[in-house]
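[1] take a look and give me a structure for this.
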Amino acid sequence: MGEIVAALATCHAPQLFTYPQDEDHAQLDASVAAMRELGKILDETAPDVAIFLGSDHLETFSISCVPTFAIVAGSRALAEFAGRRYDLPVHREMAEDFLNNLVRAGFDLAYSEDALLGHTFAVPFEFVLEGRPIPVVPFHTNVYMPPLPGPRRCAALGREIAEIIASRTERVALIASGGMSHYPGTWKYPEPEFEFDRWMIGELERGNADALLDMTVEQLDEVGNTELLNWAVMLGAIGDQPGELLQYTPTWHHGHAVMRFLPARPKATASTVSDQTPGRYEFKNKGFEFYKHPPASAYKLNKLLFDVRTDSELRRRLLVDLDGVAAEWGLNAEEKEATQAIASVGTTERVSDNAAILVKAGAHPLQALMTLHAVHGEFRRLRQEAENQE
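    Have a look, this model is predicted:
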């Protein structure tokens, strides 16, 4: 009989790869160290397969096709981010079993044999898996492009996943990648809801999964935690299992959290977060504010942003020939002005400062910020090449 031997949750912030100057590097070091502690749990539990419960930052599916749930059911799991590339074996037999049986169970699961995954997967591949020869099965949940599946629906998926695991023979690790509070690309980026994070961590340490599962997707959007839908899938699979906080760091724009749920053990240290939590978190319940579906009228702009992120030559053209790129893509005056923010990203103090004008023109906030980071990296490479030629 198959068994879930480890259930882990981790942050996946791209800054853990890039270490930008506007970050406190000691905070990033702490998050990396906590993720490596999760890796030690894999050594302790010796799983036959690691199921990665992740999402897409509009890196893989963009706006061309956005599945609610998807699985990589090919032979290899490919991920790229910040110049790093991963090519890991997929436990194909288990992936195909999931695909067939989840569809039969009423989950219209999309699948891909060659999807290129982004930093949601690349970061834990690097710091949790860390070269361990464990086959993987990557799952995708849509957490940024409404309409989103609710936490209860995600938990129902997790329960079906657990039943399929139980019908097999493998020892399985579940790794939920995401969270906590952050608002990339929006006006609220420097103002995360750390109070919510502390409340939720406290509830999960007490084994109260309903604290998350009873939330609406609009409430998750309100507190910058739609990525907790990945945690909801895991919680559905393991039930009300008390968690243990390994690390929580409130950076200037993001709450980094790393927790273990299985295997259960007495807490190694007393939580310094749960003790600070209020008895109840009060939501404003104003509906979706931060991550709405972008208007169809802005399709060209959003498609350009996606292609810029995946095409180095296009990034360089944008930096040196903005007028030509804008004309080729048929951008209107507002979109062209907004695109200027991408071309000038190398001159701003913070990459995120240039996102607002793109969002105003119709760009998805996360798409805008991720593209700015990609072009900023290209700007630095061009500058280094010029310096080397002098």
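
[2] partner strands of the strand or helix carrying T249, with direction?
    Secondary structure assigned from DSSP states H and E places T249 in strand 244-250. Under the criterion DSSP bridges, strand 244-250 sits next to strand 255-262 (antiparallel) in its sheet.

[3] restricting to C-alpha, output the partner strand in PDB.
    Provided in PDB are the C-alpha atoms of strand 255-262 (Å, rounded to 0.1, in the frame of the first residue of the first chain):
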ATOM      1  CA  GLY A 255       6.400  36.700   3.800                       C
ATOM      2  CA  HIS A 256       8.700  33.600   3.400                       C
ATOM      3  CA  ALA A 257       7.400  30.500   5.200                       C
ATOM      4  CA  VAL A 258       8.700  27.000   5.400                       C
ATOM      5  CA  MET A 259       6.700  24.300   7.300                       C
ATOM      6  CA  ARG A 260       6.700  20.500   7.800                       C
ATOM      7  CA  PHE A 261       3.500  18.500   8.300                       C
ATOM      8  CA  LEU A 262       4.700  15.000   7.900                       C
END
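
[4] mind listing what's buried in the helix or strand where T339 lies?
    In this structure, T339 is located in helix 333-343 according to DSSP H and E. For helix 333-343, the neighbour count (16 or more other CB atoms under 10 Å) marks E335, K336, A338, T339, Q340, A341, I342, A343 as buried. C-beta coordinates here come from the backbone N, C-alpha and C atoms, glycine included.

[5] stretch 322-332 now?
    L322, V325, A326, W329, L331.

[6] pick out the most distant pair among those residues.
    L322 and W329 (10.8 Å; CB to CB).

[7] the helices in the stretch 101-250 of the chain, which residues?
    119-124, 151-166, 194-205, 210-213, 217-222, 228-238 (DSSP state H, counting those that start in this stretch).

[8] what's next to the first one, contact-wise?
    The list of residues contacting helix 119-124 from outside it, by CB atoms under 8 Å, 6 or more residues apart in numbering, reads 10-14, 16-17, 35, 52, 54-57, 59, 77, 79-82, 84, 86, 138, 175, 177-178.

[9] and if you look at the fifth one?
    Here helix 217-222 makes contact (CB under 8 Å, 6+ apart) with 146-151, 193, 226, 228-229, 283-291.

[10] selection in ChimeraX covering whichever of the residues you listed are buried, please.
    Selection of buried members from those for ChimeraX, criterion 16+ other CB under 10 Å:
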select :148,149,150,151,193,226,228,229,288,290,291
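
[11] the residue positioned nearest the centre of the chain: what's its closest spatial neighbour, skipping adjacent residues?
    Centroid check for the chain by CA atoms, centre = their mean gives T120 as the closest residue, at 4.0 Å. Excluding the flanking residues, the one nearest T120 by CB to CB, 6 or more residues apart in numbering is G54, at 4.0 Å.
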